[in-house]
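Asker: 3D model of this:
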Amino acid sequence: MNNEPFPEKLRDLAWRRRLTDAELKELRAQPEVQAELELESRLSDVLAQVPDAPVPSNFTSRVLQAIEREEARTAQTRSWSWYWRILIPRVAVAAAIVGFAGLSYQRHEFHQRVQRAHDIVLIASAQPMPSVEALKNFDAIQRMSQPSAHADSELLTLLQ
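Answerer: Residues are numbered from 1 along each chain as shown. Next up is the predicted model:
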């Protein structure tokens, strides 16, 4: 069969039940297995003589409750691991995106303010400020630049 001293398959069978004559014959054909076979068979015989332990009447319900507790503990661990493995990275990515967008907007606003200040400086330096005399007559100058609401008919007849 195998080159192992006591084949594992037959060892498992010997633990579960008595070996058949064919299986014993196969093992006895291997002289290096004889001592281990004898030890295993004696051990199985001694264990067979040990009486079964008394089992309480609610043994099945206790076992099922223990299984349910273990499943609940496992489910709780799974939900906690789901929380850490899925939700936290998504929140971190969303926070990073919002932070990046906020910093970009702040930088854009700062750049716009700097540009406006630069434009104001250019406008202020390009034209000299009007004199106080010009500002005194500002209303009259402004009225002169507005077109009149009706045409001067006398002036129009003279031009023709």
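Asker: which element is E36 on?
Answerer: helix 34-49 (DSSP states H and E).
Asker: what's next to that helix, contact-wise?
Answerer: For helix 34-49, contacts defined as CB atoms under 8 Å, 6 or more residues apart in numbering pick out P5, F6, R11, A14, W15, R18, L19, L24, L27, R28. Backbone N, C-alpha and C define where each C-beta goes, glycine included.
Asker: can you redo those as CSV with pLDDT?
Answerer: As requested, those are exported to CSV (pLDDT from 0 to 100):
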residue, pLDDT
P5, 55
F6, 61
R11, 72
A14, 73
W15, 73
R18, 76
L19, 74
L24, 77
L27, 75
R28, 75
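Asker: which stretches of this protein form strands?
Answerer: Taking DSSP state E, the chain contains no strands at all.
Asker: about what we covered before: let's have the contacts of helix 34-49 in TSV, adding neighbour count and distance to L103.
Answerer: Below are the contacts of helix 34-49 laid out as TSV (neighbours: other CB atoms under 10 Å; distance: CB to CB, whole Å):
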residue	neighbour count	distance to L103
P5	12	72
F6	18	71
R11	16	69
A14	19	73
W15	11	69
R18	13	79
L19	18	77
L24	15	81
L27	21	78
R28	11	83
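Asker: Looking at the residues you listed, which is nearest L64?
Answerer: W15 (26.8 Å; CB to CB).
Asker: Break the protein into its domains for me.
Answerer: 1-50, 54-126 (automatic domain parsing).
Asker: among the ones you listed, which is the most enclosed?
Answerer: domain 1-50 (a mean of 12; mean count of other CB atoms under 10 Å).
Asker: Next, the contact list for S57, please.
Answerer: Contacts of S57 by CB under 8 Å, 6+ apart: none found.
Asker: still on that earlier bit, what's the closest of the domains of the chain to N137?
Answerer: Among the domains of the chain, domain 54-126 comes nearest to N137, with 22.7 Å by CB to CB.
Asker: now the closest one, how far from the centre of its chain.
Answerer: Its chain's C-alpha centre and that of domain 54-126 lie 7 Å apart, by CA atoms, centre = their mean, to the nearest Å.
Asker: Stretch 33-49 now?
Answerer: 56 Å.
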